[in-house]
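Q: let me see the structure of the following:
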Amino acid sequence: MTWQTMYKGLVNSPETTITNNISESDTIIYVLDPARVPELPNLMTLGTGTNAETVLVTAINDNALTVQRGFQGIAKSWPAGTVIARNFTEYDHAAFKANIEELADGLNDLAGEDRTDETVKGNADALAGHLAETVQDNVHGLGDRPMVSTGDKTYYIDGTNGSDSNDGLTPATAFKTWDKARKQIPILLTHPYEIRIIGNLNETIYVPPTMMTTYLNICGDTDTASNHKVKGIKIHGCIGGSEGGSVAVRYLESSGIIEVQGSVYVVVINCNPR
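A: Numbers count the residues shown, from 1 in each chain. Just a heads-up that it's a prediction; the model follows:
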């Protein structure tokens, strides 16, 4: 199998700015806040909109980034003050899709034409071992999330009374933070998932890139949005879905922006946006 490199994301895609004027050939970029640079090597995007340029950052020394220019988009001159961030890119989507399809092809023909019980079991064991090793090393970009769903799930978050050591499966055993719930969302979602927020949650809800054949509901635990205040909602790179929706956000009141990027069929219903 030939795997495409999958670069780690950065929660909420925080932005910084460059502090030097750069030409189209410069490969050293100085940034205002190096804490907003993701784990390297990684992609970052200069500018916004259709004229943006994605670069591959290969090294960092203090606030100086060494980059490969024009990784996607055209290398061009940028003035000091230009925004740079680890955004979800077309490359991320393409690599994500290609790796899932490669894995699916391997599963569809697990033993080849001359399959027997022994070869099926042997190949399945080999595949399981390979995935176990590469998940630990994050070769396929799985990070801290499961690869694929195994059944319908409902999780609860209670920012006041919950605990991240709980299983999150009932209101009485709710998680405390969104980050804990986020880690339960598989990269490939083939079963309906729902995440219910009890009371207020002083966090930004970030839904990471997910390929789905069904839907993910994120909602307040009552039908009154003002009972469930959050700091913001960001949905990045969610594709697929069914019945007209991939991610549905319901009964939440957001004090920050509701941002949807690189996603399809996202619906926001009965919410109080900023």
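Q: can you show me the helices along the chain?
A: When assigned using DSSP state H, the helices of the chain occupy the ranges 90-108, 117-137, 178-182.
Q: which of the ones you listed has the lowest mean pLDDT?
A: Mean pLDDT values for these show the minimum at helix 117-137, a mean of 49.
Q: what sits up against stretch 21-35?
A: Stretch 21-35 is contacted from outside by 16-20, 37, 55, 60, 62-69, 74-80, 84, using C-beta atoms under 8 Å, 6 or more residues apart in numbering. Bear in mind the C-beta positions are built from the backbone N, C-alpha and C, glycine included.
Q: mind redoing it with 6 Å?
A: Counting by C-beta atoms under 6 Å, 6 or more residues apart in numbering, the neighbours of stretch 21-35 from elsewhere in the structure are 16-20, 63-65, 67, 75-80.
Q: what does stretch 74-81 give?
A: Residues outside stretch 74-81 that contact it (C-beta under 6 Å, 6+ apart): T17, T19, N20, N21, I22, S23, E24, L46, R69.
Q: just the closest of these to I197, please.
A: Using C-beta to C-beta, the shortest approach to I197 within those belongs to T17, at 33.4 Å.
Q: which stretches of this structure have low pLDDT?
A: Across the chain, the ranges flagged by pLDDT under 70 are 1-2, 103-143, 241-245.
Q: pull out the buried members of the contacts of stretch 21-35.
A: Among these, those scoring as buried are T16, T17, I18, N63, L65, V67, A75, W78 (criterion: 16 or more other C-beta atoms under 10 Å).
Q: let me know the closest of those residues to N51.
A: W78 (10.0 Å).
Q: bridging residues for that closest one?
A: Assessed by DSSP bridges, W78 has beta-bridge partners I22.
Q: if I look at it, how far off is T48?
A: Between W78 and T48 the computed distance is 12 Å (C-beta to C-beta, to the nearest Å).
Q: what is in contact with those two at once?
A: The overlap between the contact sets of W78 and T48 (C-beta under 6 Å, 6+ apart) is empty.
Q: burial check on the spatially closest residue to I235 that is not a sequence neighbour, number of neighbours?
A: Leaving aside its chain neighbours, I235 sits nearest to V207 (4.5 Å; criterion: C-beta to C-beta, 6 or more residues apart in numbering). Close neighbours of V207, defined as other C-beta atoms under 10 Å, add up to 23.
Q: thought V207 was touching K234?
A: No. Using C-beta atoms under 6 Å, V207 is not in contact with K234, being 7.1 Å away.
Q: state the number of residues packed around the nearest residue to Q4 once chain neighbours are set aside.
A: Closest residue to Q4 apart from its sequence neighbours, by C-beta to C-beta, 6+ apart: A95 at 3.7 Å. Neighbourhood size, A95 [other C-beta under 10 Å]: 18.
Q: now render the contacts of stretch 74-81 as a markdown table, adding distance to P192.
A: Below are the contacts of stretch 74-81 laid out as a markdown table (distance: C-beta to C-beta, whole Å):
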| residue | distance to P192 |
| --- | --- |
| T17 | 41 |
| T19 | 47 |
| N20 | 49 |
| N21 | 50 |
| I22 | 47 |
| S23 | 51 |
| E24 | 48 |
| L46 | 39 |
| R69 | 43 |
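Q: so which of these is the closest to I198?
A: Nearest to I198 among the contacts of stretch 74-81, counting by C-beta to C-beta, is T17 at 38.3 Å.
Q: show me the beta-bridge partners of the closest one.
A: Beta-bridge partners of T17, as defined by DSSP bridges: V83.
Q: quick check: bridge partners of C219?
A: Bridge pairing for C219 - DSSP bridges - gives R196, R250.
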